[in-house]
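1. Build me a model:
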Amino acid sequence: MVQAVILDWAGTTVDYGSFAPVKAFMDTFAEEGVEVTAEEVRKPMGRLKIDHLRAICALDRVAARWREVHGAEPGEADVQRMYAAFEERLLGILPQYAEPVPGAVALAERLRERGIRIGSTTGYTAEMMDIVAPEAQKRGYAPDVLVTPSEVAAGRPAPWMIYRNAEKLGVQEMHGMVKCGDTFSDIEEGRRAGVWTAAVLLGSSELGLTQPEVLAEDPAALAGRMERLAEAYREAGAHYVIDTIGDLDAVVTDISARLARGERP
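-> Model (predicted):
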C-alpha cells in the first residue's frame, strides 16, 4: 500500500498558478534594465530559488540582452546582488500567495482518513516557508512534514528532500511513496528518488494560468493546452498526470493495486 505522498507547495497545493516567484523575478530583472517574460521565468520553476535565478540568467535571450545593457554576461556577483533583491521582494508578497488551491485541503483530509501521511518539498528556502506554511495552515492546509532545500545538500532535481521526508515520515521503502508536483523539476526529483510521480495540470506553474483565466478560456483551447502539457509531463517521466490535485486519490488507489501485484516505479 502507499504509505505517504510528498506534495509540492506553490502551484500544487498553494498559490494557484505559482505567481509569487514569477512576479518577484520579473520585477528584479526589470530593475536591472533587462525584461524577462513569464515563460522564461517559469522554465526552471521548482528549483531552489538561487539556482532558479542562475538558470534564468543562462537562457540565451536573457544573457544576450544582459550583454547589451551591461556589457558582459551576468556573473555570480550579479546573481548574488539580484538574489538579495529578489528575496526581499518575495518575502514581502508571500503572505498574499499562500491560499490553498481548490481541493488541496479536502484531499489532505481524505488521505489521512486512509492512513496515508503527507510530506512536502519545495523550491522555497526555510525563511520563505516560515511565511508560507503558517499562512497556509490558517487557511486549513498543513502537511505532516515540510522539508526545504535549506535542510539538505542540494535542492531539486536532487532527491535529497524526498529522502529526508522518508526519514521523518518513517517510510523505509521508497516505492511506497508518491511525489506529486506541477513542474518538470518535481518529476525529476521523484524519479531520482525512486518514488512514483504524478504531475498536476490545472493550477500548475507549467500551465501558468490563474483560476479566472482557466474558467474564461475556450474549453477546446484549454483542453488542447492541457493535453500538450500532459504529454510533456509523460515524456519527462511522470507515471501519472492528473487534472487537479483533488484527483490524486485515484492515483494512490491505482498505485496501491500495482504494489500489491509486485510492480515498482
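2. alpha carbons only for contacts and neighbour counts from here, please
-> Will do.
3. Which elements pack onto the host helix or strand of residue 80?
-> Per DSSP states H and E, residue 80 falls inside helix 76-93. Contacts defined by 3 or more C-alpha pairs under 8 Å, 6 or more residues apart in numbering; DSSP states H and E place helix 76-93 against helix 20-31, helix 49-58, helix 126-138.
4. That one: which residues count as buried?
-> By 16 or more other C-alpha atoms under 10 Å, the buried positions in helix 76-93 come out as 79, 82-83, 85-87, 89-91.
5. CSV for these, including pLDDT and distance to residue 25?
-> CSV is the format used below for the buried residues of helix 76-93 (pLDDT from 0 to 100; distance: C-alpha to C-alpha, whole Å):
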residue, pLDDT, distance to residue 25
79, 97, 12
82, 97, 9
83, 97, 9
85, 97, 9
86, 97, 6
87, 96, 9
89, 96, 9
90, 97, 8
91, 97, 12
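6. For residue 37, state which of these is nearest.
-> residue 86 (15.7 Å; C-alpha to C-alpha).
7. wait, that closest one sits on residue 25?
-> Yes. With contact defined as C-alpha atoms under 8 Å, residue 86 reaches residue 25; the gap is 6.2 Å.
8. between the helix holding residue 80 and helix 49-58, how many degrees?
-> 120 degrees (axes from the mean of the first three to the mean of the last three C-alpha atoms, to 10 degrees).
9. What helices and strands are in contact with the helix or strand following helix 76-93?
-> Once helix 76-93 ends, the next helix or strand along the chain (criterion: DSSP H and E) is helix 104-113. For helix 104-113, the packing partners by 3+ C-alpha pairs under 8 Å, 6+ apart come out as strand 117-120, helix 248-260.
10. how far does helix 104-113 sit from the chain's center?
-> With C-alpha atoms, centre = their mean, to the nearest Å as the basis, helix 104-113 stands 19 Å off its chain's centre.
11. Now do that helix: everything it contacts.
-> 13-14, 117-118, 140-141, 143, 245-246, 248-249 (C-alpha atoms under 8 Å, 6 or more residues apart in numbering).
12. try stretch 243-257
-> With contacts defined as C-alpha under 8 Å, 6+ apart, stretch 243-257 is touched by 1-2, 12-13, 102-104, 106-107, 110-111, 178, 198, 200-203, 240, 242.
13. that older thread, quick one: closest of the helices and strands packed on helix 76-93 to residue 69.
-> helix 20-31 (11.5 Å).
14. So which elements touch that closest one?
-> Using 3+ C-alpha pairs under 8 Å, 6+ apart, helix 20-31 sits against helix 38-42, helix 76-93.
15. could you redo the last one with a cut-off of 6 Å?
-> In terms of contacts (3 or more C-alpha pairs under 6 Å, 6 or more residues apart in numbering; DSSP states H and E), helix 20-31 is packed against helix 76-93.
16. Send me the helix it packs on as PDB with only the CA atoms.
-> Provided in PDB are the C-alpha atoms of helix 76-93 (Å, rounded to 0.1, in the frame of the first residue of the first chain):
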ATOM      1  CA  GLU A  76      28.000  35.400  -9.900                       C
ATOM      2  CA  ALA A  77      28.300  38.800  -8.400                       C
ATOM      3  CA  ASP A  78      25.200  39.900 -10.400                       C
ATOM      4  CA  VAL A  79      23.400  36.800  -9.400                       C
ATOM      5  CA  GLN A  80      24.100  37.400  -5.700                       C
ATOM      6  CA  ARG A  81      23.000  41.100  -6.000                       C
ATOM      7  CA  MET A  82      19.800  40.200  -7.800                       C
ATOM      8  CA  TYR A  83      19.000  37.300  -5.400                       C
ATOM      9  CA  ALA A  84      19.200  39.600  -2.400                       C
ATOM     10  CA  ALA A  85      16.700  42.000  -4.200                       C
ATOM     11  CA  PHE A  86      14.500  39.000  -5.300                       C
ATOM     12  CA  GLU A  87      14.400  37.500  -1.800                       C
ATOM     13  CA  GLU A  88      13.400  40.800  -0.200                       C
ATOM     14  CA  ARG A  89      10.600  41.200  -2.800                       C
ATOM     15  CA  LEU A  90       9.400  37.600  -2.500                       C
ATOM     16  CA  LEU A  91       9.300  37.600   1.300                       C
ATOM     17  CA  GLY A  92       7.200  40.800   1.200                       C
ATOM     18  CA  ILE A  93       4.500  39.300  -1.000                       C
END
